[in-house]
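*Asks:* need a 3D model of the sequence below.
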Amino acid sequence: MAELARKLGLDGGASAREIAEAANDPAWRDAVREWGEALAELLSADPDGAAGAVARAMGSGTTASWYDGDHADFRGGVFLREVVGVQVVIQRGAAAVPEALAGLPPRPGGFTGRESETTALLRALDPAGELKEAPAVLVAAVSGLGGIGKTALAVETAHLAVERGWFPGGVLFIDLHGYDQEPVTADRALQALLRALGISPEHIPATADERVALYRSTLAARAQERGAVLVLADNASSPDQVRPLLPGDGRHRVLVTSRDRLPQLGARLLPLDQFTPKEAYDLLDNALRIADPGDSRIVDDPDNAEQLAALCGNLPLALQIAAALLAEDQGKPVTELVAEL
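*Replies:* Here you go, the predicted structure:
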């Protein structure tokens, strides 16, 4: 603290309150950042030394304390700048590497329908076997045409599973871009997931087999320490893209989306079809009401709304585009968009 005080133009014996007030001055922002980065490097360079000394100091007569064995309680403390909560993995002799195990995309707005498919996916994902209707599986694969709503269903169901507390170890998400001109290779995906698990680039092995072994070992250790992890691999185009990403520990689950069925993975297969007319109608109405809760054009003109859905092939993506066109022009009747299409 004395060093920080001097960086802020204060006497080395300045109080914590004086240092905090000085640190709030934008003129000293760079000095505070440099001091914080230096402290982080010190702690990560020798976890048994510097970090251990901090832990011992916190356990003897300070206002901070430890709880649950590995969390610091700083309530009542004085903070020198914004505090952001992240989990940090400190490896001996290496820089601190933040984990990225909360990478699940946000829930799809206006998600509707797919009740039976959602239930089937939850049965497949349940790591504790609470739902007994079907045997547990490691992988569940959602398949269907492009634009049919595979990713939306997978993300929505993943959120439901997380809300039930099924994956306390976290969620890994990766888009494999399987149908793009340059799909993500299995090895690139594996390296990305290793980094998300807190493995620094210099500790990622040189060979593919070693990377797979480290990935599965890291997930197995996490299952022991924190619990099951969900891996969501979106837009896979082949089993080879996914196989190296499969955990060895049966407590974890993998959810894959693809335009192909991928039976080679030994997965629970869930093919998606187009929406029913009722589901398509609900999606159009929900999408417009998200933009404007008072927009009743779908309810006011159900016949043309049904025709609009049919023109979209009852495909969720096409329906979302049609709804966006209506939301953009609130004066456009549904019948006018039908005529344009």
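
*Asks:* surely Val171 meets Glu99?
*Replies:* No: using C-beta atoms under 8 Å as the test, Val171 is too far from Glu99 to be in contact (11.3 Å). Where you see a C-beta, it was placed from the backbone N, CA and C, and this is true even at glycine.

*Asks:* more crowded one of those two?
*Replies:* Set side by side, Val171 and Glu99 show unequal neighbour counts under other C-beta atoms under 10 Å, the larger going to Val171 at 22 against 18.

*Asks:* residues of the helix or strand hosting Glu336 that come out buried?
*Replies:* For Glu336, the enclosing helix or strand under DSSP states H and E is helix 334-340. Counting neighbours by 16 or more other C-beta atoms under 10 Å, one finds that the buried residues in helix 334-340 are Val334, Leu337, Val338.

*Asks:* now do that helix: distance to the chain's middle.
*Replies:* Relative to the centre of its chain, helix 334-340 is centred 38 Å away, using C-alpha atoms, centre = their mean, to the nearest Å.

*Asks:* how about it as CSV, C-alpha atoms only?
*Replies:* As requested, C-alpha coordinates have been extracted for helix 334-340 and formatted as CSV (Å, rounded to 0.1, in the frame of the first residue of the first chain):
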residue,chain,number,x,y,z
VAL,A,334,-50.3,-8.4,-42.3
THR,A,335,-52.3,-8.7,-45.5
GLU,A,336,-49.9,-6.3,-47.2
LEU,A,337,-46.8,-8.3,-46.3
VAL,A,338,-48.6,-11.5,-47.5
ALA,A,339,-49.2,-9.8,-50.8
GLU,A,340,-45.5,-8.8,-51.1
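
*Asks:* and the average pLDDT for that helix is what?
*Replies:* For helix 334-340, the mean pLDDT works out to 89.

*Asks:* contact partners of that helix?
*Replies:* Applying C-beta atoms under 8 Å, 6 or more residues apart in numbering, the contact partners of helix 334-340 are Arg297, Ile298, Asp301, Asn304, Ala305, Gln307, Leu308, Leu311, Ala322, Leu325, Leu326.

*Asks:* which residues of the protein fall in strands?
*Replies:* 65-67, 71-73, 88-89, 97-98, 139-143, 170-175, 229-236, 253-258, 268-271 (DSSP state E).

*Asks:* make TSV out of these and add mean pLDDT and distance to Leu125.
*Replies:* What follows is the strands of the chain, written out as TSV (pLDDT from 0 to 100; distance: least, C-beta to C-beta, whole Å):
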stretch	mean pLDDT	distance to Leu125
strand 65-67	42	31
strand 71-73	48	28
strand 88-89	42	26
strand 97-98	58	26
strand 139-143	92	6
strand 170-175	94	11
strand 229-236	94	7
strand 253-258	94	5
strand 268-271	92	9
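
*Asks:* for Leu122, find the nearest of the ones you listed.
*Replies:* Proximity of the strands of the chain to Leu122 was assessed by C-beta to C-beta; the nearest stretch is strand 139-143, lying at 9.6 Å.
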